[in-house]
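Student: Just the structure for this:
(2 chains)
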Amino acid sequence: MVLEIRNLEKRLGDFALHNISLTIGEGEYFMVLGPTGAGKTVLLETIAGIIKPESGNIFLFGRDITVLPPEERGFSIVYQDFMLFPHLTVFENIAFGLREQRLPFPELRDRVTGISELLGISDLLERAPHTLSGGEQQRAAMARALVMRPRILLLDEPMSALDAASRIRLRQELKRIHRNTGTTVIHITHYFEDLFPLADRLAVMQDGAIVQVGTPEEIFNQPESDFVAHFTGMENIFRGSAVRRGDEVEIDLGPIVLHAVTPLEGDVIAGIRADELILSPEPFDSTARNTFRGTVSEIQANGVFSRVVVDVGVPMCGIITRQSLFRLGLTPGQEITVIFKASAVHVFPA
Amino acid sequence: MSNPGRESFWSRFRRPDSTLIAFSLIGSTLVIFSFLALATITLTQLADLTFLVRVATDSRVINSIALTFGAGLAVVFILLLFGTPLAYVLARTHSRINSLVEALIDIPLVLPHTVAGIMVYLLFMQRGLLGAPLKDIGIVFEDALPGIVMAMLFVSMPFYVNTVREGFQKVPLHIENVARTLGATRFKAFVLVVIPLSARHILNGSVLAWGRAISEFAAVIMIAYYPMIVSTLIYYRFTTGGLKESSAIAFLMIIASFSVFLVIRIATRYLGSYDDRV
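Tutor: Numbering: from 1, shown residues only, chains lettered A, B, ... in the order given. Below you'll find the model as predicted:
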């Protein structure tokens, strides 16, 4: 275990971090997901040592670092707006931390060159930060953080300021860097597209508290609260491999094959919102591309809506009104048809 | 219609921006006022060059200008040393005391300078709260250079502290945080990142404070009529020797001040030009 956070409390004006406890393993890619204002950045800056908690402790390899200043923790941080030093060249930006360590120049130069090659910014080293594109600035900021060989890399929404195409590229880049360096990463995001390709585990935050911790599949498939279910928005998450068939792809989940519309192929995550499933006692023909026959395995009646889980080879969760539940007279064990459109299948890279 | 190029040329004049034109006419009143003041004194002085040269080579005049500029420089030095840390604390903390401190610093802005002069005099006179103990170690303020510097310092403080505080506030806190996670202490982050990124503001604050310091008259004469700074000298010559002599010194002061500002502006043209992009 690299980092352990125990019962962290911090009040900042109207906002408060409340009873945060987390453990993060060696080499783990840990994500923190939550809406704006949930306290994700405050948590990250508390881990970095920039914000001092009122109570609770942070342990690094078992040593209490709660009051250690940021410069002695050996963590690097990358903010969403990059925060390159505008008065220094890209080279001097990356070398900043090494100069603080008084590293001899030949070694410093080798380290800067090495990390620049890994991030593909070797040609930009003599440039001033403001002449770089958003994606290039992001890489430079990442290089400046990684060159320190940080014990933990802290990423504060590092992709929010990028366009969609750069975001996809950087996501692959992050995955590659994490695999190559084995650095422990804590990554804050509010995009759940980031989760499946990157996260080993994640924590969901709400109003300054952590409401659930688990693997992406656990969080999406077994949300422990309405908030998590609502925030993640998808109750049906499957891993599969996608193969193109004309305008569509077929996603093989093992027991069944889904039809979906996506540019992606290969290993993917398919997500279907529960309210996009149509349940019918009798099979019927329709324009919807996905029709599966299964048995009702579980019915949870709560309030106006009821959750119905149908085993079609994989468990699929649908949401129907209480009225429909009575009208259809659904009971566990009953045979039923599940129907949804190809466009209802949201596909993410795995 | 047969000549589209000509038509587009005329179309530029079809809808003049009446607001901008009206505002330019109204605003030019101030420009003309300033220009006429400058032109009048220049023309009268150039009409009698031999007199101007005689005044310019008068050692009392030269000493007085040097004294004024030197005292202003001392003020800037003190402000760099004491005002910079104060500005940083005000920029980076959000305590309730801050607004009280800012109000205290701003006091000279809203007081007649004779009042500021009385305040400085009461504090630094030989029986004053600070004047008395400092006299014991040999520093006298009444009719002496330290008195001039203290009076100038008091009135120029807000210009420096406010300008530099704004500069520090423009440096994102996150950029300091990055420097610290990279191994810099807060002080080193301040020196290596915050100072370079607010260099423009520090320079502007210094120039404003220096300009304010050398232009002070009322506050200075309360505590130090002698040695005469330029303002005192001009006033003294005006009341004893008349308009001709005093306006010659005034003209020399205009030339000297302009030259200094011009040199500073040119020398620092590129200083901290990245700080707008922070």
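Student: Pull the contacting residues for B:His201.
Tutor: B:163-164, B:166-168, B:170, B:272, B:275 (C-beta atoms under 8 Å, 6 or more residues apart in numbering or on different chains). (Glycine included, C-beta is placed from N, CA and C.)
Student: What residues sit buried inside stretch B:227-239?
Tutor: B:227-234, B:236-238 (16 or more other C-beta atoms under 10 Å in any protein chain shown).
Student: what distance separates it from the centre of its chain?
Tutor: Using C-alpha atoms, centre = their mean, to the nearest Å, the mean C-alpha position of stretch B:227-239 is found 20 Å from that of the whole chain.
Student: repeat for stretch B:225-233
Tutor: Here stretch B:225-233 is found 19 Å from its chain centre; the criterion is C-alpha atoms, centre = their mean.
Student: List only buried entries from the contacts of B:His201.
Tutor: Using 16+ other C-beta under 10 Å, the buried members of the contacts of B:His201 are B:163-164, B:166-168, B:272, B:275.
Student: Local confidence estimate at residue 34?
Tutor: Because you didn't say which chain, this covers chain A. A:Gly34 is assigned 88 on the pLDDT scale.
Student: Wait, chain B was what I had in mind.
Tutor: Confidence score, pLDDT, at B:Ser34: 95.
Student: export the buried residues of stretch B:227-239 to TSV and tack on pLDDT and secondary structure?
Tutor: Shown next, in TSV, are the buried residues of stretch B:227-239 (pLDDT from 0 to 100; DSSP: H, G, I helix; E, B strand; the rest coil):
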residue	pLDDT	secondary structure
B:Pro227	94	coil
B:Met228	95	coil
B:Ile229	95	coil
B:Val230	95	helix
B:Ser231	94	helix
B:Thr232	95	helix
B:Leu233	95	helix
B:Ile234	94	helix
B:Tyr236	94	helix
B:Arg237	93	helix
B:Phe238	93	helix
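Student: Please convert the residues you listed to JSON lines, extending it with distance to chain A.
Tutor: Shown next, in JSON lines, are the buried residues of stretch B:227-239 (distance: C-beta to the nearest C-beta, whole Å):
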{"residue": "B:Pro227", "distance to chain A": "42"}
{"residue": "B:Met228", "distance to chain A": "43"}
{"residue": "B:Ile229", "distance to chain A": "38"}
{"residue": "B:Val230", "distance to chain A": "38"}
{"residue": "B:Ser231", "distance to chain A": "39"}
{"residue": "B:Thr232", "distance to chain A": "43"}
{"residue": "B:Leu233", "distance to chain A": "43"}
{"residue": "B:Ile234", "distance to chain A": "43"}
{"residue": "B:Tyr236", "distance to chain A": "48"}
{"residue": "B:Arg237", "distance to chain A": "48"}
{"residue": "B:Phe238", "distance to chain A": "48"}
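Student: now the residues you listed as JSON lines including distance to A:Thr184?
Tutor: Output for those, formatted as JSON lines (distance: C-beta to C-beta, whole Å):
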{"residue": "B:Pro227", "distance to A:Thr184": "68"}
{"residue": "B:Met228", "distance to A:Thr184": "70"}
{"residue": "B:Ile229", "distance to A:Thr184": "64"}
{"residue": "B:Val230", "distance to A:Thr184": "66"}
{"residue": "B:Ser231", "distance to A:Thr184": "66"}
{"residue": "B:Thr232", "distance to A:Thr184": "69"}
{"residue": "B:Leu233", "distance to A:Thr184": "71"}
{"residue": "B:Ile234", "distance to A:Thr184": "71"}
{"residue": "B:Tyr236", "distance to A:Thr184": "75"}
{"residue": "B:Arg237", "distance to A:Thr184": "76"}
{"residue": "B:Phe238", "distance to A:Thr184": "76"}
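Student: ok now do the spatially closest residue to A:Glu126 that is not a sequence neighbour, which residues does it touch?
Tutor: Nearest non-adjacent residue to A:Glu126, counting by C-beta to C-beta, 6 or more residues apart in numbering or on different chains: A:Thr89, 5.6 Å away. Contacts for A:Thr89 (C-beta under 8 Å, 6+ apart) come out as A:125-128.
Student: do A:Ala344 as well
Tutor: A:272-273, A:276-277, A:290.
Student: re earlier: would you mind checking the contacts of A:Thr89 for buried ones?
Tutor: Using 16+ other C-beta under 10 Å as the burial test, the contacts of A:Thr89 include A:125, A:128 as buried.
Student: residues from chain B in reach of chain A?
Tutor: Chain B has residues B:172, B:174-175, B:177-186, B:188, B:192-193, B:196-197, B:272, B:274-275, B:277-278 near chain A, with proximity defined as C-beta under 8 Å from any C-beta of the partner chain.
Student: still on that earlier bit, now intersect the contacts of B:His201 with the strands, please.
Tutor: Using DSSP state E to define strands, no part of the contacts of B:His201 is located there.
Student: Using JSON lines, please lay out those residues together with distance to B:Gly70 and pLDDT.
Tutor: Formatted as JSON lines, those follow (distance: C-beta to C-beta, whole Å; pLDDT from 0 to 100):
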{"residue": "B:Thr163", "distance to B:Gly70": "22", "pLDDT": "97"}
{"residue": "B:Val164", "distance to B:Gly70": "22", "pLDDT": "97"}
{"residue": "B:Glu166", "distance to B:Gly70": "28", "pLDDT": "96"}
{"residue": "B:Gly167", "distance to B:Gly70": "26", "pLDDT": "96"}
{"residue": "B:Phe168", "distance to B:Gly70": "28", "pLDDT": "96"}
{"residue": "B:Lys170", "distance to B:Gly70": "32", "pLDDT": "94"}
{"residue": "B:Gly272", "distance to B:Gly70": "26", "pLDDT": "72"}
{"residue": "B:Asp275", "distance to B:Gly70": "30", "pLDDT": "48"}
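Student: would you turn those into TSV with distance to A:Thr262?
Tutor: Below are the contacts of B:His201 laid out as TSV (distance: C-beta to C-beta, whole Å):
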residue	distance to A:Thr262
B:Thr163	56
B:Val164	55
B:Glu166	50
B:Gly167	50
B:Phe168	49
B:Lys170	44
B:Gly272	49
B:Asp275	46
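Student: just those residues now: which is nearest A:Ile51?
Tutor: A:Ile51 lies nearest to B:Phe168 out of the contacts of B:His201, by C-beta to C-beta, at 19.6 Å.
Student: before we move on, the earlier item: if I look at the residue nearest to A:Glu126, how far off is chain B?
Tutor: 11 Å (C-beta to the nearest C-beta, to the nearest Å).
Student: Next up, phi/psi of whichever residue of the stretch 1-150 of chain B sits closest to chain A, please.
Tutor: Nearest residue of the stretch 1-150 of chain B to chain A, counting by C-beta to the nearest C-beta: B:His94, 9.2 Å away. Note on B:His94: backbone dihedrals following degrees, to the nearest 10 are phi -130, psi 40.
Student: Likewise for A:Val296?
Tutor: Torsion angles, degrees, to the nearest 10, at A:Val296: phi -70, psi 120.
Student: burial of the residue nearest to it when sequence neighbours are not counted, as a residue count?
Tutor: Using C-beta to C-beta, 6+ apart and skipping residues adjacent in sequence, the residue nearest A:Val296 is A:Gln334, 4.8 Å away. As a burial measure, A:Gln334 scores 16 neighbours (other C-beta atoms under 10 Å in any protein chain shown).
Student: I figured A:Gln334 hits A:Thr295, correct?
Tutor: Yes. At 6.6 Å, A:Gln334 and A:Thr295 qualify as touching, with contact defined as C-beta atoms under 8 Å.
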